[in-house]
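> Following is a predicted model, sequence given first.
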Amino acid sequence: MEAINLANKLSTFSEHWQPRTVGQFNGNDLMVAKVKGEFVWHKHDDTDDFFLVLQGRITIQMRDGNVTLGPGEVFVVPKGVEHRPVAEEEAHILLIEPSNTPNTGDPATAAARRVV
């Protein structure tokens, strides 16, 4: 058992919107991602969506309003709420989701699960 260094894990890839699983707990994946630009509008019918900004700024757009997050800030999108993360500049985030949750809400268009 050893500590997980999130900065080291983030340094192993450069693609945006392609989360990497860095650990698991209680059936949930701990994932890091680099994000820039706009992601697709989507929702998760069966799970909340947890965002923690590690570096940079992101805005979680929702039909009823936006939430902007900076380093160290957390936001949870409730299950069933349509949303779209947006980052004007590259940002690094930590996500926590039940294992095998499609990042687009649709298994047909979701990024493949990758472990680093």
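Received the coordinates, thanks.

> Can you tell me the element residue 54 falls in?
strand 49-55 (DSSP states H and E).

> From the contact counts, what lies against the next helix-or-strand element following that strand?
Sequence-wise, the next helix or strand downstream of strand 49-55 (DSSP H and E) is strand 58-62. Here strand 58-62 touches strand 65-69, strand 74-77, strand 83-98, going by 3 or more C-beta pairs under 8 Å, 6 or more residues apart in numbering; DSSP states H and E. Backbone N, C-alpha and C define where each C-beta goes, glycine included.

> Can you tell me what sits against the second one?
The one in question is strand 74-77. Identification of contacts with strand 74-77 by C-beta atoms under 8 Å, 6 or more residues apart in numbering yields 44, 48, 49, 50, 51, 52, 53, 60, 62, 67, 69, 83.

> Now with 7 Å, please.
Residues outside strand 74-77 that contact it (C-beta atoms under 7 Å, 6 or more residues apart in numbering) are 48, 49, 50, 51, 52, 60, 67, 69, 83.

> Identify the bridge partners of the fifth one.
Right, residue 52. Following DSSP bridges, residue 52 is listed with bridge partners residue 74, residue 94.

> ok, back up a step: which one of the helices and strands packed on strand 58-62 lies nearest to residue 31?
strand 83-98 (4.4 Å; C-beta to C-beta).
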